[in-house]
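The sequence isn't on hand, but the structure is:
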């Protein structure tokens, strides 16, 4: 079965360009503003939208994304409300792929079978669950694939050629290469090193390889898009959202446009990578 993710990457291949993948936390800074931001992303230039599932113990997230999760939880965001937000998004946008990203605990508590049925019905296309290794594929990965959802795996600079086949075994949609060792938002990606790593992963898989962590500027996005199938930006978007809030951490009239404006400039960087 062809997913929205497969379709989108096939379209981009024909256009000869990489994907621009955005990440934002569901419900940050509040559910209504979060939905308005996500609704603005496709027109601003997002090719794939990753949406974080807020969680109280986000071990792989840097301070910016942790703070986003805390704002969302404080505003009453839940996994059920996250799925409702995607349902609302799908009322006006049917083609942009949506990937839920986060940790297994909220899904486990929600109930795996119920979650997969509800996520598929809401219009979710894929999952990235950062704390489930391939050894635990029977927990969620294989049921997700059977439910028609792509299960996207992370590879890192420490994922060697011996480990890669296990990481890729049940992966679909795309491979998410984490360009740095460490937490999100902590360092800048080195496009030369990333290009070599993407080449190494591609010797093991035909799936698109998207690169995230450490991309904050249009120039950096362009550099990554030269050698990868997609550039993923999260912390920079969360930062610009955070800076648009008032002293109480509430949304202002600037919030949606602040995020959409940065998305547009980053998308331009990605699109210029293979121009001419």
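Thanks, I have the structure now. All values reported here derive from a predicted model rather than from experimental measurement.

Quick check: what element follows the helix or strand hosting residue 107 along the chain?
Assigned by DSSP states H and E, residue 107 belongs to helix 104-110. Next helix or strand after helix 104-110 toward the C-terminus (DSSP H and E): helix 112-122.

Same question for that next one: list its buried residues.
112, 115-116, 118-119, 122 (16 or more other Cβ atoms under 10 Å). For every residue, glycine as well, the C-beta is placed using N, CA and C.

closest to residue 43 among those residues?
Nearest to residue 43 out of the buried residues of helix 112-122 is residue 122 (Cβ to Cβ; 21.1 Å).

could you say what helices and strands the lengthiest helix in the chain packs with?
For the chain, the longest helix by residue count, based on DSSP state H, is helix 255-271. For helix 255-271, the packing partners by 3 or more Cβ pairs under 8 Å, 6 or more residues apart in numbering; DSSP states H and E come out as strand 19-25, helix 31-44, helix 218-227, strand 230-233, helix 235-243.

can you pull the buried residues of the last one?
Of the residues in helix 235-243, those with enough neighbours to count as buried (16+ other Cβ under 10 Å) are 235-242.

Which of the residues you listed sits closest to residue 10?
Each of the buried residues of helix 235-243 was scored against residue 10 by Cβ to Cβ, and residue 237 proved nearest at 25.8 Å.

circling back to that earlier point, which one of the helices and strands packed on helix 255-271 has the poorest average confidence?
Of all the helices and strands packed on helix 255-271, the minimum mean pLDDT falls on helix 218-227 (a mean of 94).

Other residues contacting that one?
Helix 218-227 is contacted by residues 17-18, 20, 179, 188-189, 191, 194-195, 198-199, 211, 214-215, 231, 233, 265-266, 268-270, 272-274 when judged by Cβ atoms under 8 Å, 6 or more residues apart in numbering.

Quick one: buried ones out of these?
With neighbours counted using 16+ other Cβ under 10 Å, the contacts of helix 218-227 contain these buried positions: 17-18, 20, 179, 189, 191, 194-195, 198, 211, 214-215, 231, 233, 266, 269-270, 272-273.

didn't residue 166 look like it was pressed against residue 134?
Yes. Using Cβ atoms under 8 Å, residue 166 is in contact with residue 134, at 4.6 Å.

What is the end-to-end distance of stretch 44-57?
By Cα to Cα, to the nearest Å, the extent of stretch 44-57 from end to end equals 31 Å.

Okay, now the unreliable bits of the protein?
181-189, 275-276 (pLDDT under 70).

rerun at 90
1-2, 57-62, 179-195, 213-214, 274-276 (pLDDT under 90).

which SS class is the residue nearest the centre of it?
The chain has residue 50 as the residue nearest its centroid, 3.1 Å off, counting by Cα atoms, centre = their mean. The local conformation at residue 50, judged by DSSP: H, G, I helix; E, B strand; the rest coil, is strand.

what sits against it?
Here residue 50 is in contact with 21-24, 98-101, 128, 232, 234 (Cβ under 8 Å, 6+ apart).

And the contacts of the longest helix of the chain?
With Cβ under 8 Å, 6+ apart, helix 255-271 has contacts from 17-20, 22, 24, 29, 33, 36-37, 40-41, 43-46, 215, 217-222, 225, 231, 233, 236-237, 240-241, 243-245.

Tell me the buried residues in it?
For helix 255-271, a neighbour-count test (16+ other Cβ under 10 Å) marks 255-256, 258-260, 262-264, 266-267, 269-271 as buried.

got these as CSV, with distance to residue 154 columns?
As requested, those are exported to CSV (distance: Cβ to Cβ, whole Å):
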residue, distance to residue 154
255, 29
256, 29
258, 28
259, 24
260, 27
262, 24
263, 23
264, 27
266, 21
267, 23
269, 23
270, 20
271, 25
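
what phi and what psi does the backbone show at the nearest residue to residue 123 once chain neighbours are set aside?
Nearest residue to residue 123, sequence neighbours excluded (Cβ to Cβ, 6 or more residues apart in numbering): residue 90, at 3.7 Å. The phi and psi values for residue 90, taken as degrees, to the nearest 10, are phi -70, psi -20.
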